[in-house]
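coords please:
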Amino acid sequence: MSDIIRLLPDSVANQIAAGEVIQRPASVVKELVENAIDADASEIHLLVTDAGRTCVQVIDNGKGMSETDARLSFERHATSKIQTAKDLFALHTMGFRGEALASIAAVAQVELKTRMRQEEVGTLITIAGSAVESQKPIACPAGCNFSINNLFFNVPARRKFLKSNQTELSNIMTEFERILLVHPDILFTLHSNDVELFNLPSCGLRQRIIQVFGKKINQQIIPVEVSTTLIEISGFVSKPEAARKKGAHQYFFVNGRYMRHPYFHRAVMEAYEKILPLGEQVSYFIYFKVDPANIDVNIHPTKTEIKFENETPIWQILSAAIKESLGKFNEVPSIDFDTEGMLGSSAEQPSQTVMMQPPTVSFDPTYNPFAIPSPKASPQLYPDINRTSKKVEWEALYGGLEKAQSKAPSTPLDQFAPTLEQMRNEDKLESMDSYLTDSSEHLELGSMMGQKSLTENKNYHQFQFKGKYILTSVKSGLMLIDQRRAHIRVLYDRYRTQMNESKSVTQKVLFPEVVDLSPAEAAFLGNVVNDMTAVGFDLSDLGGGSYSISGVPSGIEGLSPARLVQEMVSTAMHSGTGVEEKIRDSLALTMAKASALVYGQVLNSEETANLMNSLFACAIPNYTPDGKVILSVIKENDIEKLFH
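Numbering: from 1, shown residues only. From the prediction side, this is the model:
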């Protein structure tokens with residue numbers, strides 16, 4: 001029997017490794033920029049073409065590499081960061097595995113120009129699919145210049161599943177922002193198809209956050225800082241009033257490396273407990289400095305998940321530090337009234353030698369409130385009292401009142417009170433049964449079409465419970481409808497129809513609002529601006545990530561257009577898809593949730609009936625677009641069991 005186990009060729013092994021490390025163009029950007037940072041570069045320039053599909057170029061002014069190092073750097077597990085296993089627990093660099101360049105070279109056409117600062121001549125290497133095509137000397141600036149062309153050219157399946165250019169560019173900018181925020185001392189630039197998106201000179205941390213996310217965020221963040229023997233925490237968190245449902249900027253960094261950590265995220269949100277509305281998110285930029293021996297960064301190929309040795313104490317320290325910062329921000333200042341000058345000039349102030357006399361009160365010591373006023377009373381004290389007493393005809397007064405009560409019509413409440421006979425015959429009346437199917441109580445597609453409207457049914461009754469639910473009787477029991485979710489379904493279907501038909505009503509605003517978007521959001525806006533226009537938005541580009549909102553869809557009065565636009569763009573960005581229909585779904589759902597009825601809003605009978613008519617005219621009235629239940633039926637048998 002022949003042997004069946006054999007070693008894989010290096011080219012195949014590199015492609016397998018690339019599948020873990022290089023997932024999309026943003027992964028290439030992350031690896032190359034981190035290598036430039038480890039090379040002590042003070043300037044890093046990133047240029048992408050077609051969102052990285054055609055070319056990703058990273059230029060730095062770092063140390064550079066010698067001819068031998070340039071060739072060896074593309075071998076697997078070749079690294080200058082570690083030498084022994086002990087070095088894994090004392091890492092102070094971004095990359096260390098030595099797989100990045102080998103993985104990139106396995107799935108792309110790579111060109112490297114590099115020169116060490118003390119050398120006069122540099123090196124040019126071209127590699128395609130892990131095969132070195134050429135290596136020769138070249139004149140070039142000090143540092144490294146990587147050009148990654150035609151990513152996944154030899155792996156068509158991987159290239160086919162890349163998203164749209166807008167989505168891939170958004171992912172690149174997200175990775176780039178994570179690096180910008182942790183290295184404010186480095187100058188960064190980013191160009192996409194020869195258009196400059198970032199040009200950030202070196203600065204302080206707060207100023208770097210403002211450079212990336214706009215000037216408005218400067219008024220929304222407060223500092224956080226605490227130092228213990230276990231960990232040092234610094235950074236910024238947003239004020240409670242700056243919270244929003246979508247698009248919050250949330251970043252954790254440990255020893256200069258971005259990380260995801262749901263456990264510490266809960267610590268941040270716990271600090272905001274009871275001061276944030278339900279569903280709101282806050283922005284935060286938290287920087288941890290901890291002994292490298294107490295963390296493990298080698299548990300994920302992209303090194304975005306980090307394991308801490310003392311997570312529980314750090315959780316408590318982080319939550320306490322944020323609470324302290326919020327307490328300082330919300331601290332009520334002492335009020336010191338300045339009374340100087342309040343009494344006017346010195347001529348108007350009373351003299352200290354003048355004795356102030358207390359006021360005198362005039363009163364009648366003989367006054368008896370239970371006695372009929374006497375004519376002897378002082379006319380100055382009782383000028384309006386009638387001197388002649390008259391007997392009040394109380395019997396006549398009450399008699400008129402009784403006559404008025406006998407002639408009064410019945411109260412409106414009596415008109416709506418059902419009689420016992422009506423209650424007994426209730427099951428014979430037309431109800432919502434025509435809109436329900438079998439005992440499962442699921443509504444079929446378009447079951448309301450052609451049916452009699454609820455407002456035309458004189459025997460139909462519905463009631464609102466606590467401003468949240470609508471109750472109505474059906475043949476099998478009692479139906480409960482969540483009014484907000486029902487309205488979300490109605491509005492969602494309406495907005496999707498407007499997008500598909502490009503029919504909408506735009507309401508011009510008297511004073512246009514300005515929305516400030518981050519560079520990543522502004523770049524992605526081009527992917528959804530046509531759909532937003534189809535719904536009814538009128539946006540004008542003011543430059544610098546600012547957009548003027550001159551018109552909004554009709555029917556969203558009372559909402560903040562700027563905040564709504566920001567939420568819509570953020571939702572579409574985080575949907576993780578480039579499919580046009582999916583983006584339209586996200587936009588329609590965001591608008592529906594923002595415009596829908598709020599819990600506690602009281603509806604009259606006509607509004608309730610209109611809402612229910614619109615709900616049952618929808619194709620899928622049972623569930624909201626995000627899968628939440630809209631209506632439920634309590635069976636009559638279950639109700640009767642409650643009274644046994």
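
use CA for all of it now, contacts and neighbours both
Fine.

OK, contacts around residue 219?
Applying Cα atoms under 8 Å, 6 or more residues apart in numbering to residue 219 gives no contacts.

tell me, what residue is most central in this structure?
residue 246 (1.4 Å; Cα atoms, centre = their mean).

how about the closest residue to that residue other than its chain neighbours, what does it touch?
Nearest non-adjacent residue to residue 246, counting by Cα to Cα, 6 or more residues apart in numbering: residue 567, 5.2 Å away. Residues near residue 567 by Cα under 8 Å, 6+ apart: 245-247, 590.

Against residue 44, how distant is residue 203?
Distance, residue 203 to residue 44, by Cα to Cα, to the nearest Å: 15 Å.

more neighbours, those two?
residue 44 (20 against 15; other Cα atoms under 10 Å).

How about the contacts made by that one?
By Cα under 8 Å, 6+ apart, the neighbours of residue 44 are 33, 36, 58-61, 186-189.

Kindly report the same for residue 516.
214, 216, 545-547.

can you pull the pLDDT of it?
Looking at residue 516, its pLDDT reads 82.

Please tell me how far it sits from residue 216.
With Cα to Cα as the criterion, residue 516 and residue 216 are 8 Å apart.

count of residues packed around residue 130?
The burial count for residue 130: 24, using other Cα under 10 Å.

Not counting residues beside it along the chain, what's closest to it?
residue 106 is the one closest to residue 130 (Cα to Cα, 6+ apart), at 4.5 Å.

Mark out where each domain of the chain begins and ends.
The chain breaks down into these domains under automatic domain parsing: 10-200, 205-327, 428-644.

Tell me which of those domains sits most buried.
Among the domains of the chain, the stretch with the highest mean neighbour count (mean count of other Cα atoms under 10 Å) is domain 10-200, at a mean of 19.

quick one: that one to chain centroid distance?
32 Å (Cα atoms, centre = their mean, to the nearest Å).

Which stretches in the stretch 101-250 of the chain count as strands?
Ranges of strands in the stretch 101-250 of the chain, per DSSP state E, counting those that start in this stretch, are 109-115, 122-128, 131-138, 143-149, 187-192, 195-200, 221-227, 232-238, 250-254.

which other residues reach the shortest one?
Going back to what we said before, that points to strand 250-254. Counting by Cα under 8 Å, 6+ apart, 178, 182, 258-261, 282-290 sit against strand 250-254.

Pick the one among those residues closest to residue 624.
residue 282 (26.0 Å; Cα to Cα).

Please name the nearest non-neighbouring residue to that closest one.
residue 243 (4.6 Å).

so what's the backbone phi/psi at the one you found?
Taking degrees, to the nearest 10, you get phi -70, psi 150 for the backbone angles of residue 243.

Hmm, residue 278 and it touching each other?
No. The criterion here is Cα atoms under 8 Å, and residue 243 misses it with residue 278 at 10.7 Å.

Residue 366: what secondary structure?
coil (DSSP: H, G, I helix; E, B strand; the rest coil).

Residue 360 versus that one, what's the distance?
Noted for residue 366: a distance of 18 Å to residue 360, by Cα to Cα.

what do you get for residue 241?
Applying Cα to Cα to residue 241 and residue 360 gives a distance of 54 Å.

Put the alpha carbons of stretch 199-208 into PDB.
Provided in PDB are the C-alpha atoms of stretch 199-208 (Å, rounded to 0.1, in the frame of the first residue of the first chain):
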ATOM      1  CA  ASN A 199      -3.900  64.300   4.800                       C
ATOM      2  CA  LEU A 200      -3.300  64.200   8.500                       C
ATOM      3  CA  PRO A 201      -0.100  65.800   9.900                       C
ATOM      4  CA  SER A 202       1.400  64.700  13.200                       C
ATOM      5  CA  CYS A 203      -0.500  66.100  16.300                       C
ATOM      6  CA  GLY A 204      -1.800  65.200  19.700                       C
ATOM      7  CA  LEU A 205      -4.300  62.400  20.400                       C
ATOM      8  CA  ARG A 206      -7.400  64.600  20.800                       C
ATOM      9  CA  GLN A 207      -6.600  66.600  17.700                       C
ATOM     10  CA  ARG A 208      -6.100  63.400  15.700                       C
END
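
for it, the distance to its chain's centre please.
25 Å.

pLDDT averaged over that stretch - what is it?
For stretch 199-208, the per-residue pLDDT averages 92.

next one: stretch 571-579
Mean pLDDT, stretch 571-579: 59.

Start from the N-terminal end of the stretch 251-400 of the chain and give the strands.
Counting by DSSP E, counting those that start in this stretch, the segments of the stretch 251-400 of the chain that form strands are 257-259, 284-289, 295-296, 307-308.
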